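> how would this look folded up:
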Amino acid sequence: MNPAPPSGDPSVLLAARLCKVVPALADLAMRSALVLRTLEDAGPSAAARALDDITSRAEQTDPAAREVIAALLPVLGEPAHAAFVGALRAVAKDASLLALSRLLRRRAKHAEPRPTSPIEHRGIALEPGGRPLSLGERRALARRPSRAILDKLLADPHPRVIENLLANPRLTEDDVVRIAAKRPQKPEIASELARSARWMARARVRMAFVLNPGTPPELSVPVLSQLLRHELVEVADATQVPAVLRSAALELLARRPPLPPDPNGGASMQ
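From the prediction side, this is the model:
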């Protein structure tokens, strides 16, 4: 582990402020917005060092640090912030910030590139033999409270339709698990899920998300910090997921603090 910087270091103060303020906010979207704004204002260098400290503590199951990382996850899946995340990744590499490097780990460059999936702009019928509906029509339907319509849109191939579905208050956790577990999974659909602070806070959604072989590792690896010990074991044993994800799960398991003795013989969920 890197030596701790002096207490007056701006990155230490930044990490302490985030760990104090973020858990005090009840709204998940506000948490993500605050984390992003604070990190961007600090700049990539200070932000990366603060996140390295927070990530290291999250790996040790520190509750406040885990909540900060949870608020960061939707940002990591947002294409609009890809340049900033790339800058954080570069600082982590150059400064040997190992915890942050683990959080932002991607598939190795020499690995077989992930195939791109075409975005479906064609009309799609919701009923056999029915009239094909345009993207705009399906997006509008995804906002409606009709249970029957929602069921028919869960497998829609366009990420904009899924975006609207995820914001629909009538959508249930079971629905989102179905979307997260769909195979083959489109990376664009996985990105929409990753940006949903509301749904990625659900344990069943997170597990369906990380165990789907179609979820890009740059989206699934950061989610591992939110998993419990037995969930990390399940990911490490899942032969169908990318090797980089299994390796990251094993590393996190090794870094978790030792389990305290249980006088009742029960299993810890830490």
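> doesn't Ile189 fall inside a strand?
No. According to DSSP: H, G, I helix; E, B strand; the rest coil, Ile189 belongs to no strand; its state is helix.
> from Arg255, how far out is it?
31 Å (C-beta to C-beta, to the nearest Å). No exception for glycine: its C-beta is placed from N, CA and C like everyone else's.
> more crowded one of the two?
Taking Ile189 and Arg255 together and counting by other C-beta atoms under 10 Å, Ile189 has the greater number of neighbours (24 against 14).
> my guess is that one contacts Val161. True?
No. Counting by C-beta atoms under 8 Å, Val161 is not a contact partner of Ile189; they are 9.5 Å apart.
> which outside residues touch stretch 69-78?
Under the contact criterion C-beta atoms under 8 Å, 6 or more residues apart in numbering, stretch 69-78 has outside partners 22, 28, 31-32, 34-36, 51, 54-55, 58, 81, 85, 103-104, 190-191, 193-197, 200-201, 218-219, 222-223, 225-226.
> OK, contacts around the nearest residue to Phe209 once chain neighbours are set aside?
Closest residue to Phe209 apart from its sequence neighbours, by C-beta to C-beta, 6 or more residues apart in numbering: Ala180 at 4.5 Å. Neighbouring residues of Ala180 by C-beta under 8 Å, 6+ apart: 190, 193, 205, 208-209, 212.
> among those residues, who's most crowded?
Leu193 (26 neighbours).
> host element of that one?
Leu193 is part of helix 187-194 when elements are defined by DSSP states H and E.
> helices or strands up against that helix?
With contacts defined as 3 or more C-beta pairs under 8 Å, 6 or more residues apart in numbering; DSSP states H and E, the secondary structure elements packing on helix 187-194 are helix 63-76, helix 159-166, helix 173-181, helix 197-200, helix 203-210, helix 217-223.
> in JSON lines: those helices, plus mean pLDDT and distance to Gln240.
Compiled in JSON lines, the helices and strands packed on helix 187-194 are given as follows (pLDDT from 0 to 100; distance: least, C-beta to C-beta, whole Å):
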{"stretch": "helix 63-76", "mean pLDDT": "95", "distance to Gln240": "22"}
{"stretch": "helix 159-166", "mean pLDDT": "96", "distance to Gln240": "22"}
{"stretch": "helix 173-181", "mean pLDDT": "97", "distance to Gln240": "12"}
{"stretch": "helix 197-200", "mean pLDDT": "93", "distance to Gln240": "21"}
{"stretch": "helix 203-210", "mean pLDDT": "98", "distance to Gln240": "11"}
{"stretch": "helix 217-223", "mean pLDDT": "95", "distance to Gln240": "12"}
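> could you dump the ones you listed into CSV and include distance to Ala148?
CSV is the format used below for these (distance: least, C-beta to C-beta, whole Å):
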stretch, distance to Ala148
helix 63-76, 30
helix 159-166, 14
helix 173-181, 13
helix 197-200, 21
helix 203-210, 23
helix 217-223, 31
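> please, which helix or strand holds the nearest residue to Phe84 once chain neighbours are set aside?
Nearest non-adjacent residue to Phe84, counting by C-beta to C-beta, 6+ apart: Glu40, 6.3 Å away. Assigned by DSSP H and E, Glu40 belongs to helix 28-42.
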